[in-house]
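S.K.: please find the sequence and the predicted model below.
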Amino acid sequence: QQAFVERAYQREIADQLLADGVTLADPQRIDVRGNLTVGKDTYIDVNAVFVGDVSIGNNVTIEPNCFISDSSIGDNVHIKANTVLEQAVLSANNEVGPFARLRPGTELADGAKIGNFVETKKAKIGNGSKVNHLSYVGDAEIGIGSNIGAGTITCNYDGVNKFKTIIGDEVFVGSNSTLVAPVSIGDSGFVAAGSVITKTVNKNSLAIGRSKQIAREGWTSPKAKAKLKTD
């Protein structure tokens, strides 16, 4: 019986949202477990769960299966499917997800983008900066217009303490890079793909932190050698 009462209460909330100009894909499939405020022309798809104090601006799109807790979302934001926001602040014109997790202390400036399978924590992402694929950004600041390549990791924890990574404006970090905090990359710095960065990268500098490729011509694997012996 309690479940039926809860569902009736949730339907009252959904009806009020509809009256306020919010579009719900299915009024029966939304859960509000706290205080939710939503602006005009916002679209909320099915199975969205809102916990604590959540504010959403105008012209926002929230795709299916999103969990949003104690967060603020500005105007013209697109939250893609299966995204989790926890104590995050999104300013405006942001894109997040799908399958992204923004943990407490994440702040996105205007136009910043967080893509699929990206996790952030205590991270400030500057205007227009992008972290689009398969990355972890924790205890970090990223400036304006920077691009963080797929598979980039900020190594913020040494087993005892957390350390900070600072990335400037217009920085390009190549795919599969490891940034070992505490470390900083200056404005317009460029990190080559696959690098392990342990020291400061000055502005307008290229940093390459990877071993040289070695090619051994005519090499035969142990398995192939064993097969030759048995033939």
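M.R.: Thanks, I have it. Numbering: from 1, shown residues only.
S.K.: what packs against the stretch of helix or strand residue 14 belongs to?
M.R.: Assigned by DSSP states H and E, residue 14 falls within helix 2-19. In this structure, helix 2-19 packs against strand 23-24, strand 30-38, with contacts taken as 3 or more Cβ pairs under 8 Å, 6 or more residues apart in numbering; DSSP states H and E. Every residue, glycine included, has its C-beta placed from N, CA and C.
S.K.: and stretch 179-187, how far out from the chain's middle?
M.R.: With Cα atoms, centre = their mean, to the nearest Å as the basis, stretch 179-187 stands 19 Å off its chain's centre.
S.K.: please apply the same query to stretch 110-125.
M.R.: On Cα atoms, centre = their mean, the centre of stretch 110-125 falls 3 Å from that of its chain.
S.K.: list the contacts of it.
M.R.: With Cβ atoms under 8 Å, 6 or more residues apart in numbering as the test, stretch 110-125 has contacts from 80, 91-109, 126-142.
S.K.: for ChimeraX, what selects the buried ones among those?
M.R.: Typed into ChimeraX, the next command selects the buried ones out of those (criterion: 16 or more other Cβ atoms under 10 Å):
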select :80,91,92,93,94,95,96,97,98,99,100,101,102,103,105,106,107,108,109,126,127,128,129,130,131,132,133,134,135,136,137,138,139,140,141,142
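S.K.: now, the contacts of stretch 110-125 that are in strands?
M.R.: 95-96, 101-102, 107-108, 130-133, 136-142 (DSSP state E).
S.K.: related to what we said a few turns ago, the helices and strands packed on helix 2-19 into TSV, with extra columns for distance to residue 117 and mean pLDDT?
M.R.: Shown next, in TSV, are the helices and strands packed on helix 2-19 (distance: least, Cβ to Cβ, whole Å; pLDDT from 0 to 100):
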stretch	distance to residue 117	mean pLDDT
strand 23-24	28	97
strand 30-38	25	96
